[in-house]
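Participant: heads up, no residue letters with this:
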């Protein structure tokens, strides 16, 4: 088992960063008129996932950490909603968003 020295050692934070990075690349494909619409929504919710995990870890209280993990879960759900809608309205294809649906487990 690996040692956890800070939030960057958390596998869930690493996966969150990977998703956020992929979302930034995904939204580069979107039309420019979506810059202040769906692009901003996807990037904000994607970045919020690892940010809340890191912030919760930094609080050093189990109750606070759990609260921030719950916030991160909410951001993940929000992101999924934006991704589904983007695909349904033709801003991206199922292939473009396949990274999101790959197995995210350990």
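Facilitator: Arrived safely, thanks for sending. Remember, it's a predicted structure, so these values are computed and weren't measured experimentally.

Participant: Assign a three-state SS to the one residue sitting closest to the centre of the chain, would you?
Facilitator: The centroid of the chain falls nearest to residue 46 when counting by CA atoms, centre = their mean (3.1 Å). Secondary structure state of residue 46, per DSSP: H, G, I helix; E, B strand; the rest coil, is helix.

Participant: How about the contacts made by it?
Facilitator: Listed by CB atoms under 8 Å, 6 or more residues apart in numbering, the contact set of residue 46 reads 19-20, 23-24, 75, 79. (Glycine included, C-beta is placed from N, CA and C.)

Participant: for the chain, what are the low-confidence residue spans?
Facilitator: Within the chain, the segments meeting pLDDT under 70 span 1, 103-106.

Participant: in it, which spans are helices?
Facilitator: Assigned by DSSP state H, the chain shows helices spanning 11-27, 38-59, 62-88, 98-101.
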